[in-house]
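Visitor: dropping the sequence and predicted coords here.
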Amino acid sequence: MKLFDPHGFGNSAISYAGLLEKIEILRSMLRWAPKLERADIEKLLNQANVLRDEVMQLSRKERFVEAAAAAPEALDAAGGADGMDAAETADASPSARRRRQALIERSFVFEGIFGDNPKLLAALEIAEKAAPTDLPVLIDGESGTGKELMAKVIHANGLRADRPYISVNCGAIPDNLLESELFGHRRGAFTGAANDRKGKFESAHTGTIFLDEIGELPLSGQVKLLRVLEAHEIQRVGSDEPIAVDTRIVAATNRNLRQMSEEGRFREDLFYRLSVIHLTLPALRERRDEIPLLLAYFGDEAAGALKRRPLKTTPKLRDFLLTYAYPGNIRELRNLIYRLSCLAGDVADVEHLPDDIRPKQGASSASSLPAVPGPSDAEPPGRPMTLSDAKRAASDEAERAFLERGLQETGGTVAELARRYEMNRSHLQMLLKKHGIRSKSFRHQDGATTDKDE
Ligand SMILES: Nc1ncnc2c1ncn2[C@@H]1O[C@H](COP(=O)(O)OP(=O)(O)OP(=O)(O)O)[C@@H](O)[C@H]1O
Ligand SMILES: [Mg+2]
């Protein structure tokens, strides 16, 4: 029984028309097959699973487009108590909304990247311009900020979208196998090389190669990579024959490659070759206004994956989720939501949080973060301050300083502060409440400023 080409089946760009065509093929196969062998049934089930995944991906994209298109007023009106509702995501500034809408109208493929923070939008706009070229792109940013996702976005928006996308984790390959992994080998080239083998570069021919964790590549590997980038050809280990490769390079790292190259730990020439287009993804703490959107998105995703109703949260937990520092960025937020969705019943509370980040007993919901330890602050007996506590305290202090400075600059006008930093006003109000800061006390004495926020 002949089924789909498994490579063609899952790889092409996903569209409704494509999905319908695949469903039609499955249907006619089932209708006309005289009998199904066990192997055929397994293949059919596999392909049904691929179809299911594609439908899910498409629906996520649709959801994003809808969220982007909806006017914030309409979203506000939709309400949503303490559920992780997209209603609370109505916080994009007008210019952010316009920029995101413009990307959508230009048929930009988001590949599930959510968000309308100006820094993220700037990165997406650079990605959009870089995608159709063959210029190398270097993506950096802290762990969990979406570097891998961004690499897929660049591939999906480029002219090679239906060609191979090959991902290599440079940090996970032992040094002695690196060359063979990247460039392949001839049979007998070394002990254990029983057959000729293609490397990742050859597999990515005509497509894109994603070199993840490029900062972990040893200096010897860096020299070889540089040669390939210059000559556009590789040699398999144990062979003198050059093989031409046409691959688009996207690399990612959570290290500071410029600094590494200054310190001699990364080749400077390779750094410049890789970073013709340089994209830095913002940490989640620099785009806190997006947290409600991400909570809603991953809440839905987890509900789907775990086959449960979307998670509801107590106000205390919600307060925590909106103000936590997320050192592991979007990955940490996503994992947290999956954990809560799995462990909680109908309503999740702070008790369902992992021990190391759970606010201490007795902390009020409005200040679930630990107080900043001053010189006179003795540690509570029994539990020394953990690294996470320290990070949260530092982030809390920075947040307070930012708010106070902002209010000083804007004469206590929250609306102006929100406009200036493209933040959601109600989110700002919530932060002020959390820190017990009263915008009124920053108002000019002459009473010239009028702020209707309070
Ligand atoms: N803007 C975003 N919208 C939706 N999901 C996102 C976004 N950014 C990241 N994610 C999700 O967060 C998780 C981590 O993303 P990804 O693996 O791309 O991060 P990374 O920067 O490569 O991390 P690391 O440096 O640890 O490898 C993934 O599940 C990804 O789908
Ligand atoms: Mg990664």
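Guide: Received, thanks. Residues are numbered from 1 along each chain as shown. Ligands and ions are numbered 1, 2, ... in the order given.
Visitor: around ligand 1, which positions in the stretch 201-350 of the chain sit nearby?
Guide: By the rule CB under 6 Å from any ligand atom, the part of the stretch 201-350 of the chain lying against ligand 1 is 254, 330-331, 334. For glycine as for every other residue, the C-beta is placed from the backbone atoms N, C-alpha and C.
Visitor: farthest pair in the residues you listed?
Guide: Distance extremes for these: the farthest pair is Asn254 and Arg334 at 17.0 Å, using CB to CB.
Visitor: look up how far Glu213 lies from the closest residue to ligand 1 within the stretch 151-300 of the chain.
Guide: Closest residue of the stretch 151-300 of the chain to ligand 1, CB to the nearest ligand atom: Asn254 (4.5 Å). Using CB to CB, to the nearest Å, Asn254 is found at 8 Å from Glu213.
Visitor: show me what contacts the nearest residue in space to Met423 that is not next to it in sequence?
Guide: Leaving aside its chain neighbours, Met423 sits nearest to Asp289 (5.1 Å; criterion: CB to CB, 6 or more residues apart in numbering). By CB atoms under 8 Å, 6 or more residues apart in numbering, the residues touching Asp289 are 91, 117, 422-424, 427.
Visitor: go again with 7 Å.
Guide: Asp289 sits next to 91, 117, 423-424, 427 when contact means CB atoms under 7 Å, 6 or more residues apart in numbering.
Visitor: keep only those of those that are in helices.
Guide: Secondary structure from DSSP state H places His427 of those in helices.
Visitor: hmm, back to that, ok, the residue of the stretch 151-300 of the chain closest to ligand 1 - contacts?
Guide: Neighbour list for Asn254: 140-143 [criterion: CB under 7 Å, 6+ apart].
Visitor: and Leu211, by the same measure?
Guide: 168, 170, 249, 251.
Visitor: partner residues bridging it?
Guide: With DSSP bridges as the criterion, Leu211 is bridged to Val168, Ala251.
Visitor: among the contacts of Asn254, which two are most distant?
Guide: Asp140 and Ser143 (10.9 Å).
Visitor: compare those two (neighbour count), which wins?
Guide: Ranked by neighbour count (other CB atoms under 10 Å), Asp140 and Ser143 place Asp140 first, with 21 against 13.
Visitor: ok, that one - contacts?
Guide: Counting by CB under 7 Å, 6+ apart, Asp140 has contacts 252-254, 257, 280.
Visitor: the residue nearest to Met423 in helix, strand or coil?
Guide: helix (DSSP: H, G, I helix; E, B strand; the rest coil).
Visitor: confidence score at it?
Guide: Turning to Asp289, the model gives it a pLDDT of 85.
Visitor: so where is this structure shaky, pLDDT-wise?
Guide: In the predicted model, the chain carries pLDDT under 70 at residues 1-14, 56-94, 361-386, 388-390, 444-454.
Visitor: the residue nearest to the spatial centre of it and Arg236, how far apart?
Guide: The chain has Gly146 as the residue nearest its centroid, 2.7 Å off, counting by CA atoms, centre = their mean. Distance of Gly146 to Arg236, given as CB to CB: 34 Å.
Visitor: ok, the closest residue to Glu416 other than its chain neighbours - contacts?
Guide: Excluding its sequence neighbours, the residue lying closest to Glu416 (CB to CB, 6+ apart) is Thr410, at 4.1 Å. By CB under 7 Å, 6+ apart, Thr410 lies in contact with 416-417, 420.
Visitor: touching, the residue nearest to the centre of the chain and Ile330? I think so.
Guide: Yes. When contacts are counted by CB atoms under 7 Å, Gly146 is listed as touching Ile330 (5.8 Å).
Visitor: quick one, strands of the stretch 351-454 of the chain?
Guide: In the stretch 351-454 of the chain, no strands are found when defined by DSSP state E, counting those that start in this stretch.
Visitor: and the gap between the residue of the stretch 1-150 of the chain found nearest ligand 1 and Pro354?
Guide: Nearest residue of the stretch 1-150 of the chain to ligand 1 (CB to the nearest ligand atom) works out as Gly146 at 2.6 Å. From Gly146 over to Pro354 the distance is 22 Å, taken as CB to CB.
Visitor: helix/strand/coil for Ile166?
Guide: Under three-state DSSP, Ile166 comes out as strand.
Visitor: so what's the residue count around the closest residue to it other than its chain neighbours?
Guide: Leaving aside its sequence neighbours, Ile166 sits nearest to Ala204 (CB to CB, 6+ apart; 3.9 Å). Neighbour count for Ala204, taken as other CB under 10 Å: 23.
Visitor: state the distance from Ala204 to Lys152.
Guide: Look at Ala204 and Lys152: by CB to CB, they are 14 Å apart.
Visitor: do the same with Ser261
Guide: For Ser261 relative to Lys152 (CB to CB), the value is 27 Å.
Visitor: same deal with Glu128?
Guide: Applying CB to CB to Glu128 and Lys152 gives a distance of 14 Å.
Visitor: go on, Ile41?
Guide: 32 Å.
Visitor: higher neighbour count, those two?
Guide: Taking other CB under 10 Å, Ile41 and Lys152 do not tie; Lys152 has more neighbours (19 against 11).
Visitor: so which strand or helix has that one?
Guide: helix 147-156 (DSSP states H and E).
Visitor: by how many degrees do that helix and strand 165-169 diverge?
Guide: Taking axes from the mean of the first three to the mean of the last three CA atoms, to 10 degrees, helix 147-156 and strand 165-169 form an angle of 160 degrees between their directions.
Visitor: tabulate the contacts of Asn254 (a markdown table), appending secondary structure.
Guide: As requested, those are arranged in a markdown table below (three-state DSSP):
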| residue | secondary structure |
| --- | --- |
| Asp140 | strand |
| Gly141 | coil |
| Glu142 | coil |
| Ser143 | coil |
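Visitor: between those, which is closest to Ala17?
Guide: In terms of CB to CB, no member of these lies closer to Ala17 than Gly141, at 35.0 Å.
Visitor: enumerate every residue touching the closest one.
Guide: Per CB under 7 Å, 6+ apart, neighbours of Gly141: 147, 254, 280-281.
Visitor: in CSV: those, plus secondary structure.
Guide: Listed next are those as CSV, based on three-state DSSP:
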residue, secondary structure
Lys147, helix
Asn254, coil
Thr280, strand
Leu281, coil
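Visitor: drop anything exposed from those residues.
Guide: Buried residues within the contacts of Gly141, counting neighbours by 16 or more other CB atoms under 10 Å: 147, 254, 280-281.
Visitor: how close does Val153 sit to Val137?
Guide: From Val153 to Val137 the distance is 10 Å (CB to CB).
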